[in-house]
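Peer 1: output the structure for:
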Amino acid sequence: MRLNSYDDFTPLKEVVLGSADGYRDRLRDMSFDMFISDNLSGARGYYPSISTWRDSEERRGRNSPHRLAMKERFLDELIEDVEGIAAHLTALGVTVYRPRPPEPDLTRVATPAFEAAVTPPLNVRDNTLVLGDEIIETPPTLRDRYFETQFLKPVFLDYFRQGARWTTMPRPMMTDRSFDPANVANAAPNIEVPVEPVDSPYDVGLEPMIDGANCLRLGRDLIVNVSNANHDLAHDWLERHLDGRFRVHRMEKLTQSHIDSVVVALRPGTLLLRNPGVLDYLPEALRGWDTIVPPPPGIDDYPQYENGDPIPASPYIDLNVLSVDENTVMVNDACKTLVGTLEEHGFTVVPVRHRHRRLFGGGFHCFTLDTVRTGGAEDYLT
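Peer 2: A predicted model of the protein is given here:
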């Protein structure tokens with residue numbers, strides 16, 4: 001089918017699902033010392049990093065025999081669960097595409113301005129934004145993920161050959177001076193944090209950087225979460241590039257970055273929210289929609305880890321659901337509170353296993369990039 005994706009809730013026909021396979025080959029570099037934060041609750045949850053950007057006691061002990069065995073088990077179970085997601089989507093009649101996995105010997109990459117490790121293409125939502133018939137590769141906010149969309153190139157080429165537009169936002173130099181210094185205080189894990197910036201001959205000043213998961217797609221409207229100067233520049237680029245085709249709305253600091261486990265459009269007129277305070281950040285036209293605010297997940301909704309294993313803090317990652325259509329939602333099978341809440345509101349829930357989402361910082365929406373849905377450039381806001 002031709003590329004066509006304007007929203008996150010009309011019937012899903014084709015999707016790209018990320019791959020966790022590459023993490024296995026980078027096991028000895030992985031750490032769990034990064035976090036996600038949001039302005040409403042201060043909740044934080046872990047996100048994996050394979051860089052050496054932040055030093056910590058946790059990182060220095062990452063290769064002890066106990067830690068390696070633990071991470072091996074977590075990774076095996078992650079890979080198993082991602083393949084389970086693929087099977088469920090296929091059973092629902094959705095065509096599933098996969099990125100090309102990195103070769104095992106591809107461990108580091110370099111540009112004129114920096115050298116970094118390589119992150120496998122698991123959270124494919126982050127570095128690409130699909131708007132209608134256009135693929136937009138967004139400017140990454142982590143050096144580890146600078147070339148991540150290269151692993152999706154075979155899929156993108158197929159859509160391009162069928163008539164899709166294909167655009168890459170300006171690629172940042174990503175020197176230390178490229179990043180907003182305000183990030184240091186409370187940056188999310190997908191924002192690089194040069195605590196002591198070093199000058200570079202390639203410095204150009206602050207640059208546009210943003211993830212696709214900062215955005216909420218609603219037909220002809222795009223809502224962009226802006227929490228720093230890098231996001232601000234990226235918002236301006238999107239506004240100019242999309243002028244005449246989409247209306248771009250600026251949303252101020254709902255979170256430090258991603259919003260897809262904070263506000264989710266389940267269908268026209270219905271929002272899934274982390275808490276009622278989210279409405280204050282949204283465009284006024286959305287404040288009149290019906291809202292679903294599930295109870296906070298209980299401790300039994302998550303696996304409990306033995307002493308010495310990382311204990312993540314944020315319980316909200318399961319709001320990162322994937323809608324198959326306006327009545328059907330893929331939800332983590334362990335999150336009984338969310339399953340029950342959605343069923344009470346008339347949704348058909350497809351329960352799917354994803355055990356270590358609090359460790360790997362990604363849910364079903366993060367792991368997927370919907371490329372074909374039946375919806376069009378509808379006006380949902382007026």
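
Peer 1: packing partners of the longest helix along the chain?
Peer 2: The residue-count maximum for a helix in the chain (DSSP state H) belongs to helix 65-91. Here helix 65-91 touches strand 12-17, helix 21-24, strand 95-97, strand 328-332, strand 348-352, helix 357-360, going by 3 or more Cβ pairs under 8 Å, 6 or more residues apart in numbering; DSSP states H and E. Glycine gets a C-beta too; all of them are placed from N, C-alpha and C.

Peer 1: closest to L242 out of the ones you listed?
Peer 2: L242 sits nearest to strand 12-17 of all the helices and strands packed on helix 65-91, at 21.6 Å, using Cβ to Cβ.

Peer 1: who touches that closest one?
Peer 2: By Cβ atoms under 8 Å, 6 or more residues apart in numbering, the surrounding residues in contact with strand 12-17 are 1, 82, 85-86, 89, 94-99, 124, 152, 155, 322-325, 367-374.

Peer 1: please, a ChimeraX command that selects the buried ones among those?
Peer 2: Listed next is the ChimeraX selection for buried residues among these, using 16 or more other Cβ atoms under 10 Å:
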select :82,85,86,89,94,96,97,98,99,124,152,155,322,323,324,325,367,368,369,370,371,372,373
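
Peer 1: now do the longest helix of the chain against strand 328-332, angle only.
Peer 2: With axes from the mean of the first three to the mean of the last three Cα atoms, to 10 degrees applied, the angle from helix 65-91 to strand 328-332 works out at 170 degrees.

Peer 1: out of the helices and strands in this structure, which is least certain?
Peer 2: For the chain, the helix or strand with the lowest mean confidence is strand 31-37, at a mean of 41 (criterion: mean pLDDT, DSSP states H and E).

Peer 1: ok, T382 - how many residues close by?
Peer 2: 7 (other Cβ atoms under 10 Å).

Peer 1: now do the contacts for A20.
Peer 2: A20 touches 75, 78-79, 82, 120, 122, 360, counting by Cβ under 8 Å, 6+ apart.

Peer 1: by neighbours, which of the residues you listed wins?
Peer 2: F360 (28 neighbours).

Peer 1: that one contacts L78, correct?
Peer 2: Yes - here F360 lies in contact with L78, judged by Cβ atoms under 8 Å, at a distance of 5.9 Å.

Peer 1: can you give me the helices in the protein?
Peer 2: 21-24, 57-60, 65-91, 153-161, 183-186, 229-241, 336-344, 357-360.

Peer 1: so, low pLDDT: which residues of the stretch 51-200 of the chain?
Peer 2: Applying pLDDT under 70 to the stretch 51-200 of the chain picks out residues 51-70, 184, 186-191.

Peer 1: show the pLDDT at the residue located most distally from the centre of the chain.
Peer 2: Most distant residue from the mean C-alpha position of the chain: P201, 31.9 Å away (Cα atoms, centre = their mean). Looking at P201, its pLDDT reads 97.

Peer 1: which residues are in contact with A265?
Peer 2: Contacts for A265 (Cβ under 8 Å, 6+ apart) come out as 7-9, 216, 218, 271-272.

Peer 1: of these, closest to L106?
Peer 2: Nearest member of these to L106, counting by Cβ to Cβ, is D8, at 31.8 Å.

Peer 1: and the gap between the closest one and A229?
Peer 2: Here the criterion is Cβ to Cβ, to the nearest Å. By it, D8 lies 27 Å from A229.

Peer 1: neighbour count for these two, which is higher?
Peer 2: In this view D8 and A229 are compared by other Cβ under 10 Å, and D8 has more residues nearby, 22 against 18.

Peer 1: the more buried one and V321 touch, don't they?
Peer 2: No - using Cβ under 8 Å, D8 is not in contact with V321; the gap is 9.4 Å.

Peer 1: intersection of neighbour lists for the two?
Peer 2: With Cβ under 8 Å, 6+ apart as the test, D8 and V321 both reach 264, 365.

Peer 1: hmm, back to that, so which of the helices of the chain comes closest to D133?
Peer 2: Among the helices of the chain, the nearest to D133 by Cβ to Cβ is helix 153-161 (8.7 Å).

Peer 1: can you name every helix or strand that the closest one contacts?
Peer 2: Applying 3+ Cβ pairs under 8 Å, 6+ apart, one finds that helix 153-161 contacts strand 134-137, strand 165-168.

Peer 1: include distance to V15 and mean neighbour count when you put those strands into TSV, please.
Peer 2: Output for the helices and strands packed on helix 153-161, formatted as TSV (distance: least, Cβ to Cβ, whole Å; neighbours: other Cβ atoms under 10 Å):
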stretch	distance to V15	mean neighbour count
strand 134-137	14	20
strand 165-168	18	13
